[in-house]
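Enquirer: I'll drop the sequence and a predicted model, then ask my questions.
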Amino acid sequence: MQHFPDAKAVARTIAPDDPVILNRPHAAARAARFFVERFPGKSLYAVKANPSPDLIEILWANGVTHYDVASIAEVRLVRGLLPDAVLCFMHPVKSPGAIREAYFEHGVKTFSLDSSEELAKIVDATRNADGEAATDLRLCVRLRVSSEYSELSLASKFGCDLTEAPALLQETRQYADWLGVCFHVGSQAMSPFAYVQALDRTRAAIAEASVVIDMIDVGGGFPSVYPGMEPPPLEDYFKIIHQHFYALPIAYNAELWCEPGRALCAEYSSLVVRVEKRRGEELYINDGAYGALFDAAHVDWKFPVRALEDDLIKPEADFAFYGPTCDDADYMPGPFALPSDIQAGDYIEIGMLGAYGAAMKTDFNGFGAAQRIVVEDEPMASLYDGSRQRPEADNVVSLR
Ligand SMILES: *Cc1c(COP(=O)(O)O)cnc(C)c1O
């Protein structure tokens, strides 16, 4: 990958025709070290947030040893890059073939489930040639929890209800060498209380089941910083999770896990796009809803933007973006604040696209091309550059 100091240098030097994904290895490394050093347990990287091999290698080099994979393609990808990584297959609905290949060919022992049917599937797919059940399965029962504190809900699709959880935990315990409980509070959880509520449900399920629990996995949901979404420091989340974890009725040596996706990679990438046409306050740019801007189009996510030309001098105005495809839905309402004299031919940097951004690009309508370049400047916002720490007394979190 080519190296440049920053987005301006890229625009000026290459004047790229296609969008360019700018990667910041130092930002991903810093996020990884933050979780490895400060989360009071083990941090698994949720690969779906951004499966770029370069990113996965940076995370590994900075201490992330466990990976949350959700498909057999993700299993193969990470195993191919990292022969010694621990892979955990945390999608609660898997195909028997995927389970078999993961277990027998890639050494995957950890699987999540949210129903008896999935438990039976896992047990059957991992039987040996003599038909004997595996004795080394590490199984995690996924609980359904509320997404009310999160910007993107993950509450309706997966997870067993609290009423079913005790029976499923008891049944799973019979086949598990090691039994965990996992959940996901939804992505971009704006308050640490999301985890308190989920851990309260976990406590109720475990107490009712009265089985030995070896691991609690609080999932993903750890936020990043976007315009209008400024979460409390991650230390607040870690502290409150740790306190509530300790109060659970679990094995004395039980482990605490988390599965950050967004928080580990949001700062890794930004995008350089070019304005191809201006129509009033609408800018037609060369990336969009089918590219790295899926969330900007479909869930109105706000990403930070900056113009890369030095000769734009007018005060900022609010713009909306159209992407390059012929689909009307390829529209990002924003608003995105940019100098009001911006015009066709000008370049814009769109920040914080390392999570669910660069990973979402498709080739629809022939607009999938994007070069990748390494830059050295800071991401447009950061949770890890020291700017977001504040005294504990000032925290919004009050402990019960
Ligand atoms: C998507 C996902 C994650 C990552 O979520 P973030 O909000 O990006 O941290 C973690 N675990 C599971 C099971 C997921 O589906």
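Expert: It's in.

Enquirer: Contacts only, for residue 271.
Expert: By C-beta atoms under 8 Å, 6 or more residues apart in numbering, the contact set of residue 271 is 19-22, 287, 292-293, 349-350, 353, 357-358, 370. Every residue, glycine included, has its C-beta placed from N, CA and C.

Enquirer: Return the subset of those lying in strands.
Expert: The members of these that map onto strands under DSSP state E are 20-22, 349-350.

Enquirer: Export those as a markdown table, with columns for distance to the ligand and neighbour count.
Expert: As requested, the ones in strands among the contacts of residue 271 are exported to a markdown table (distance: C-beta to the nearest ligand atom, whole Å; neighbours: other C-beta atoms under 10 Å):
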| residue | distance to the ligand | neighbour count |
| --- | --- | --- |
| 20 | 24 | 26 |
| 21 | 18 | 23 |
| 22 | 20 | 27 |
| 349 | 23 | 23 |
| 350 | 19 | 27 |
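
Enquirer: can you redo the residues you listed as TSV with pLDDT?
Expert: Converted to TSV, these look like this (pLDDT from 0 to 100):
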residue	pLDDT
20	97
21	97
22	97
349	98
350	98
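
Enquirer: Go through the residues you listed and name the one nearest residue 305.
Expert: residue 350 (5.3 Å; C-beta to C-beta).

Enquirer: nearest residue to residue 121 other than its sequence neighbours?
Expert: With C-beta to C-beta, 6 or more residues apart in numbering as the criterion, residue 121 has its nearest non-adjacent residue at 5.8 Å, and that residue is residue 96.

Enquirer: quick one, what contacts that neighbour?
Expert: Residue 96 makes contacts with 121, 124-125, as judged by C-beta under 8 Å, 6+ apart.

Enquirer: now residue 89
Expert: Contact analysis of residue 89 by C-beta under 8 Å, 6+ apart lists 69-70, 75, 98-99, 102, 108, 110-112.

Enquirer: before we move on, what about residue 88?
Expert: 44, 66-69, 108, 110-112, 138, 140.

Enquirer: So in terms of bridging, what pairs with it?
Expert: Under DSSP bridges, the beta-bridge partners of residue 88 are residue 68, residue 110.

Enquirer: coming back round to it: buried subset of the contacts of residue 96, written for ChimeraX?
Expert: ChimeraX command restricting the contacts of residue 96 to the buried ones, with burial defined by 16 or more other C-beta atoms under 10 Å:
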select :121,125
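
Enquirer: Secondary structure, distance to the ligand and pLDDT added to the contacts of residue 96, as JSON lines?
Expert: Listed next are these as JSON lines, based on DSSP: H, G, I helix; E, B strand; the rest coil; distance: C-beta to the nearest ligand atom, whole Å; pLDDT from 0 to 100:
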{"residue": "121", "secondary structure": "helix", "distance to the ligand": "18", "pLDDT": "98"}
{"residue": "124", "secondary structure": "helix", "distance to the ligand": "23", "pLDDT": "98"}
{"residue": "125", "secondary structure": "helix", "distance to the ligand": "20", "pLDDT": "98"}
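
Enquirer: which of the contacts of residue 96 lies closest to residue 26?
Expert: Of the contacts of residue 96, the one sitting nearest to residue 26 (C-beta to C-beta) turns out to be residue 125, at 41.2 Å.

Enquirer: Show the contacting residues for the closest residue to that closest one other than its chain neighbours.
Expert: Sequence neighbours aside, residue 99 is the residue nearest to residue 125 in space, at 3.9 Å (criterion: C-beta to C-beta, 6+ apart). If you count contacts by C-beta under 8 Å, 6+ apart, residue 99 has them with 89, 111, 121-122, 125-126.

Enquirer: Residue 166 touches residue 208, doesn't it?
Expert: Yes: in this structure, residue 166 is within contact of residue 208 by C-beta atoms under 8 Å, at 4.0 Å.
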